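In: Sequence and predicted structure below; questions after.
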Amino acid sequence: MKQKLKKFLHKAGSFLGWKKREEVIISGLMDDEKMFMESMQEKAQGILQSVRKFSKEAESINIHVKTAVKPKTRIYELQATVYLPGHQFKANANSHELHLALSELGEELKKEARKQKDYTTTMRKRK
C-alpha cells in the first residue's frame, strides 16, 4: 500500500510540475579532474541504461567521487546511488584510476539491480 502511494505521488508530482531529478549527477571532482566530467557522464548514462534492463523504473544515478591524494598516487572512491520510485540502492568502488573505478561501480550496480529484480520476483510469487 505504501509503495502504491509513493508511485501515485511520483506521477502526480510530475503532472503538477514538480522538479524532475536529472538523470546523471556527478559530484566531488577536484578542479584538475573536471576535464573527465563529460566522459564520466556518458559512461554513467550507459550504466543507467544497463541498470534499466533489470529495473525499468530507474530514474537517475548520482555518483560522488572522493579523491585521496598521496605523494605519488591518487585513490578514487566512488559512491553511487540509483533512485527508483519509492526506494534506492547503492554501490561503492575504489581504484587508482578514475575510469576503472567507474567500470567497477557499473558492475556493482548491475549486481544490486539483479538482486532487486530477484527480490521483487520472489515476493510476487509468494503472494
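Out: Yep, that arrived.

In: quick one, strands of this structure?
Out: Taking DSSP state E to define them, one finds strands in the chain at 24-27, 60-69, 74-84, 87-95.

In: Return the set of buried residues in stretch 83-103.
Out: Across stretch 83-103, burial judged by 16 or more other C-beta atoms under 10 Å covers 83-84, 89, 91, 93, 95, 98, 101-102. In short, each C-beta sits where N, CA and C put it, glycine included.

In: Go through those and say which is closest to residue 57.
Out: Relative to residue 57, the closest of the buried residues of stretch 83-103 is residue 84; by C-beta to C-beta it sits at 4.9 Å.

In: Bridging across strands, which residues link to that closest one?
Out: Note on residue 84: beta-bridge partners residue 87, judged by DSSP bridges.

In: next one: residue 80
Out: Beta-bridge partners, per DSSP bridges, of residue 80: residue 63, residue 91.

In: For it, grab the count of nearby residues.
Out: By other C-beta atoms under 10 Å, the residues close to residue 80 number 24.

In: measure it to residue 64 for me?
Out: Distance of residue 80 to residue 64, computed by C-beta to C-beta, to the nearest Å: 8 Å.

In: and residue 39, which of the strands of the chain is closest to it?
Out: Using C-beta to C-beta, the strands of the chain put strand 24-27 closest to residue 39, at 10.5 Å.

In: Give me the local confidence score for the residue of the chain most remote from its centre.
Out: In the chain, the greatest distance from the average C-alpha position (C-alpha atoms, centre = their mean) is reached by residue 71, at 30.8 Å. We have a pLDDT of 89 for residue 71.

In: For it, give its distance to residue 36.
Out: Computed with C-beta to C-beta, the distance linking residue 71 and residue 36 is 22 Å.

In: correct me, but residue 73 touches residue 96?
Out: Yes - contact criterion C-beta atoms under 8 Å: residue 73 and residue 96 qualify, at 5.9 Å.
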